[in-house]
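A.B. asks: quick one: sequence and predicted model below, then my questions.
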Amino acid sequence: MTGFRNNSWGRTRGPKSLASPGDHINVQNNGAVDVVLVATLDAITDGYSTENQRYLHTLVIDQNAGTSLTVTLYGYCHAFGAWFPINALNGSTAATITVADSGEAPASQTAAHREMVTYEIAGIDRVAFVGTTADVSVFAACSTF
C-alpha cells in the first residue's frame, strides 16, 4: 500500500503536534495551539486530544508583552467527565510554564528566551492551555516514548 500513513490512536515515538493532527513538529510545520483566556473549560470538545499518548511536550515563546507570562495546563479524563489542573512535576501544585519577557520580537529571540517542559499525562484524554492569548505562543505535542 503506497502512501499509507497511520494517524490513529497508536504509539508515537516522535512528538506529534496537537495543532496539526498527524504531523510531527519540525521547522517547516509547527503551528501554535490555542491558549484559552480563562479556565472555563467544560465541554468535552475543549482543548486538544492527546490520542492516549504518555507525554506532553510544551514550548512557550514570549510575544514581547513586557512582563513574565504564565500558562497553566489543564487535563480532561473521559472516565471522570471533568476538567482539572494537571499536576506540576512535584505533584502538589498546578502545572504552569512561565516565560520571561525577552524584550525582543519572537523572530529575534534566542533559545534562552523560550521555555520547554515535558509532562507525563498517562490517562489524560484532552489538554488545554490557560493564559493570556496575545502574550505567548504555545507549541504542544504528544508522544508515547
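C.D. replies: Received it, and whenever you're ready, just let me know what you need.

A.B. asks: okay, and the beta partners of residue 119?
C.D. replies: Per DSSP bridges, the residues bridged to residue 119 are residue 56.

A.B. asks: wait, it sits on residue 58?
C.D. replies: Yes: applying Cβ atoms under 8 Å, one finds residue 119 in contact with residue 58, separated by 7.4 Å. For the C-beta atoms, the positions are set from N, CA and C on the backbone; glycine is no exception.

A.B. asks: what do those two both touch?
C.D. replies: The overlap between the contact sets of residue 119 and residue 58 (Cβ atoms under 8 Å, 6 or more residues apart in numbering) consists of residue 73.

A.B. asks: thought residue 126 was touching residue 46?
C.D. replies: Yes: with contact defined as Cβ under 8 Å, residue 126 counts as touching residue 46 (7.1 Å).

A.B. asks: what touches both of those two?
C.D. replies: Residues touching both residue 126 and residue 46 (Cβ under 8 Å, 6+ apart): residue 76.

A.B. asks: give the contact list for residue 50.
C.D. replies: Per Cβ under 8 Å, 6+ apart, neighbours of residue 50: 18, 56, 121, 124, 125, 126, 127, 142.

A.B. asks: just to be sure, residue 80 is in a helix?
C.D. replies: No: read with DSSP: H, G, I helix; E, B strand; the rest coil, residue 80 is coil and lies in no helix.

A.B. asks: what about stretch 100-107, average pLDDT?
C.D. replies: For stretch 100-107, mean pLDDT is 78.
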